[in-house]
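1. Take this sequence and fold it.
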Amino acid sequence: MEIILLQDVNKLGQKDDMVKVKSGYGRNYLIPRGYAVAATPSAKKMHAENLKQRAHKEEKIKAEAQDLATKISGLKIVVGAKTSTSGKIFGSVNTIQIAEALKEKGFEIDRKSISLPEDQIKEVGKYKATIKLHREVKVDLEFEIVAE
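-> Model (predicted):
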């Protein structure tokens, strides 16, 4: 079964992608929840027209994301955390604290678009996070965890 995605679906595709899925998955899960529509000939024509109209807007958004990526790429962030004498952090550092540190520097980034290399950061040191600003624009951010 071929479908057109109406929003991003994890491990399947991005919004406006045309993908093939098993018919039960499409009919029973994706379409009823509003994640996709069936790719009928009329839906394909509407989809093509919408993509054509949206192409100019997408270029502008992508250019803005690339400008933001160049500004962020040279940025180094320091996040403070309470630590023990051996350098272990009480708790862990997560994307919320990195988003707050970016906000202090003047960059409004959603915490969901930040991904950390490890599940939990529990030691003092230097790390890299990946920020997804656009479907095609990703930037690596270096940050350091220090003891407060």
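
2. Show me what the host helix or strand of Glu144 is packed up against.
-> For Glu144, the host element (DSSP states H and E) is strand 138-147. The contact analysis (3 or more C-beta pairs under 8 Å, 6 or more residues apart in numbering; DSSP states H and E) places strand 138-147 against helix 41-73, strand 76-81, helix 95-104, strand 125-132. C-beta coordinates here come from the backbone N, C-alpha and C atoms, glycine included.

3. ok, the residue sitting furthest away from the middle of the chain - contacts?
-> Going by C-alpha atoms, centre = their mean, the residue of the chain most distant from its centre is Thr85, 35.2 Å out. With contact set as C-beta atoms under 8 Å, 6 or more residues apart in numbering, Thr85 has no partners.

4. Would you quantify the distance from the nearest residue to Ile72 once chain neighbours are set aside to Ile145?
-> Sequence neighbours aside, Val139 is the residue nearest to Ile72 in space, at 5.2 Å (criterion: C-beta to C-beta, 6 or more residues apart in numbering). Distance check for Val139 against Ile145: by C-beta to C-beta, to the nearest Å, it reads 20 Å.

5. Of these two, which one has the most company?
-> The residue with more neighbours, out of Val139 and Ile145, is Ile145; 22 against 18, by other C-beta atoms under 10 Å.

6. I figured Glu148 hits Thr83, correct?
-> Yes: between Glu148 and Thr83 there is a contact under C-beta atoms under 8 Å: 7.4 Å.

7. bridging residues for the nearest residue to Glu148 once chain neighbours are set aside?
-> Among residues not flanking Glu148 along the chain, Gly80 sits closest, at 4.2 Å (C-beta to C-beta, 6+ apart). When assigned by DSSP bridges, Gly80 has beta-bridge partners Val146.

8. from here on, count from 481
-> From this message on, residue numbering opens at 481, which makes the last subject Gly560.

9. which residues does Gly560 contact?
-> Contacts of Gly560 were listed using C-beta under 8 Å, 6+ apart, and they are 625-628.
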